[in-house]
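Colleague: from the sequence below, what's the structure:
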Amino acid sequence: MERADVIILGGGLVGLTLALALDRHDITSIVVDPAEPAAVMAADFDGRASAIASASWKMLETIGLGRHLAGQGCPIRAIRAADGLTPRALVFDTTEQEGPLGIMFENRTLRRALHEAAGEARHVQLLTPARPIETDRNATSVTVTLEDGRVLTAPLLIAAEGRHSPTREAAGLEVARWHYEHAAIIAILGHALPHGNVAHELFYPAGPFALLPMLNDADGHRSAIVWTVAKKDAQAMIGLPDRAFLAEAEKRMGGMLGSLRTASPRSSYPLGFHHAAKITDTRLALVGDAAHGIHPIAGQGLNLGLRDVAALTEVLVDGLRLGLDMGDAQTLARYQRWRALDTFMVAAATDGLTRLYGIPGPTARAVRRFGMDVVERVPPLKRFFMNEARGETGALPKLLQGVEV
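Modeller: Numbers count the residues shown, from 1 in each chain. Alright, predicted model coming up:
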């Protein structure tokens, strides 16, 4: 029987970040992940990219991941939000002294850095590919039996398995969920003109079109797109010849970056919302998409999971210093209270934006543009939204402030 302070089911971006954050504070973990590392880090795996907010980046630097990612991300210096291609826009920009609003990374770059760091960590045991077949939680401990017969035990189980978490379902934790009848088309495109480190969010009745700056490659300038389309049209869009797909993308962008080229495979995934009523149970905590899943309209999905990591790390370390058991009910209750309001508010805000910008017609468009104008012209309101984009609002855990617990 192999023992650790925590067992983490799921070795994705959130699960491995949590293991490294705990390692930084001398807490041992066994990470169980069914994925084959070579497969999920391959260039053609899914082509996704993520915006790491500035607060999340402070945490990654604090836990030692920053050196594995140095020079591999593209800073976001400004965000421009507009209702379609109107020249009137809400612009959030930042100075060199303030630092970027966030940094764009390809997900496979993040995965590679996490695996490298986990391989160097003293207190992280990564089992991959490995699959749990039985989990037992009781008043004193957790036991996980793997497909190959190995048995793991710890005082606490953490589910980081994604939106279809079998551990959450087995625990009977209620989840509010619905589907948007939309899908996101994901790709990285090359373009003739420089992006200037500006992220664009263009709102159309069919759904938002996000254009996110990426590092240049040997062929020139690049940006990632997250293009929301009706679910029924997703497969047709994926199947378009490159020339036709690029022509449609250029129309959505209004030609702002010049001629386009294909720089990655295209993929799509259905869009939905889910939010667990509780993110803890007996010796169990949920993090990341196992706890909540939101629309990518504001690019906050991964950052919400990283906030879970920072909060859970802090409550576990504080509890340990007080002599509490790692799976103590009081410790888990503190994590539940800390994360409940923040995750609900972000989820509600993104859902509201999705619905607001999906209303067709000139009246709705006029209301949206008026709202953008108000935010643009009221400095305190604009600063609040900039801080939201940075991930610097609310009761910030220490790791998100760049400080070890």
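Colleague: list the buried residues of the longest strand along the chain.
Modeller: Using DSSP state E, we find that the single longest strand of the chain is strand 175-191. Buried positions in strand 175-191, judged by neighbour count with 16 or more other Cβ atoms under 10 Å: 175, 180, 182-191. Every C-beta, even on glycine, is put in place using the N, C-alpha and C of the backbone.
Colleague: going along the chain, name the strands of the stretch 151-300 of the chain.
Modeller: Using DSSP state E, counting those that start in this stretch, the strands of the stretch 151-300 of the chain run over residues 151-154, 156-159, 175-191, 198-204, 207-217, 220-230, 260-262, 267-276, 280-281, 284-286, 292-293.
Colleague: pull up the pairing partners for the longest one, direction included.
Modeller: Strands that pair with strand 175-191, judged by DSSP bridges, come out as strand 220-230 (antiparallel), strand 260-262 (antiparallel), strand 267-276 (antiparallel).
Colleague: now tabulate the strands of the stretch 151-300 of the chain in JSON lines and tack on mean pLDDT and distance to P380.
Modeller: Converted to JSON lines, the strands of the stretch 151-300 of the chain look like this (pLDDT from 0 to 100; distance: least, Cβ to Cβ, whole Å):
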{"stretch": "strand 151-154", "mean pLDDT": "98", "distance to P380": "46"}
{"stretch": "strand 156-159", "mean pLDDT": "98", "distance to P380": "38"}
{"stretch": "strand 175-191", "mean pLDDT": "90", "distance to P380": "32"}
{"stretch": "strand 198-204", "mean pLDDT": "91", "distance to P380": "22"}
{"stretch": "strand 207-217", "mean pLDDT": "92", "distance to P380": "26"}
{"stretch": "strand 220-230", "mean pLDDT": "94", "distance to P380": "30"}
{"stretch": "strand 260-262", "mean pLDDT": "95", "distance to P380": "39"}
{"stretch": "strand 267-276", "mean pLDDT": "88", "distance to P380": "29"}
{"stretch": "strand 280-281", "mean pLDDT": "97", "distance to P380": "36"}
{"stretch": "strand 284-286", "mean pLDDT": "98", "distance to P380": "35"}
{"stretch": "strand 292-293", "mean pLDDT": "89", "distance to P380": "28"}
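Colleague: tell me which of those sits most buried.
Modeller: strand 156-159 (a mean of 28; mean count of other Cβ atoms under 10 Å).
Colleague: so which of the strands of the stretch 151-300 of the chain gets nearest K398?
Modeller: Among the strands of the stretch 151-300 of the chain, strand 284-286 comes nearest to K398, with 18.2 Å by Cβ to Cβ.
Colleague: what lies in contact with the closest one?
Modeller: Residues outside strand 284-286 that contact it (Cβ atoms under 8 Å, 6 or more residues apart in numbering) are 137, 142, 156-160, 165, 167-168, 171, 173, 276, 279-280, 308, 312, 332, 335.
Colleague: one more time with 10 Å, if that's ok
Modeller: Contact with strand 284-286 is made by 6, 8-9, 18, 135, 137, 142, 156-161, 165, 167-168, 170-171, 173, 276, 278-280, 291-292, 308, 312, 315-316, 327, 331-332, 335-336, 339, as judged by Cβ atoms under 10 Å, 6 or more residues apart in numbering.
Colleague: filter the residues you listed down to the buried ones and hand me the ChimeraX line.
Modeller: Selection of buried members from these for ChimeraX, criterion 16+ other Cβ under 10 Å:
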select :6,8,9,18,135,137,142,156,157,158,159,160,161,165,167,168,171,173,276,278,279,280,291,292,308,312,315,316,327,331,332,335,336,339
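Colleague: still on that earlier bit, mind checking which of the strands paired with strand 175-191 is nearest D148?
Modeller: Among the strands paired with strand 175-191, strand 267-276 sits nearest to D148 (Cβ to Cβ), with 29.9 Å.
Colleague: CA atoms only for stretch 215-226, dumped as CSV, please.
Modeller: What follows is stretch 215-226, C-alpha atoms only, in CSV (Å, rounded to 0.1, in the frame of the first residue of the first chain):
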residue,chain,number,x,y,z
LEU,A,215,4.0,33.9,-29.9
ASN,A,216,5.3,34.1,-33.4
ASP,A,217,6.6,30.9,-35.0
ALA,A,218,9.1,30.4,-37.8
ASP,A,219,6.4,31.3,-40.3
GLY,A,220,5.4,34.6,-38.8
HIS,A,221,2.6,36.1,-36.7
ARG,A,222,0.0,33.9,-34.9
SER,A,223,-3.2,34.2,-32.9
ALA,A,224,-5.6,31.6,-31.4
ILE,A,225,-9.3,31.8,-32.1
VAL,A,226,-12.2,30.6,-30.0
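Colleague: out of the strands of the stretch 151-300 of the chain, nearest to A247?
Modeller: Evaluated with Cβ to Cβ, the strands of the stretch 151-300 of the chain place strand 260-262 nearest to A247, the distance being 8.4 Å.
Colleague: show me how far the closest one is from its chain's centre.
Modeller: Here the centre of strand 260-262 is set off from its chain's centre by 26 Å, with Cα atoms, centre = their mean, to the nearest Å.
Colleague: could you do stretch 119-136 as well?
Modeller: Distance of stretch 119-136 from the chain centroid (Cα atoms, centre = their mean) equals 22 Å.
Colleague: in which helix or strand does L18 reside?
Modeller: For L18, the element it lies in under DSSP states H and E is helix 13-24.
Colleague: including distance to A206, could the strands paired with strand 175-191 go into TSV?
Modeller: Below are these laid out as TSV (distance: least, Cβ to Cβ, whole Å):
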stretch	distance to A206
strand 220-230	6
strand 260-262	20
strand 267-276	12
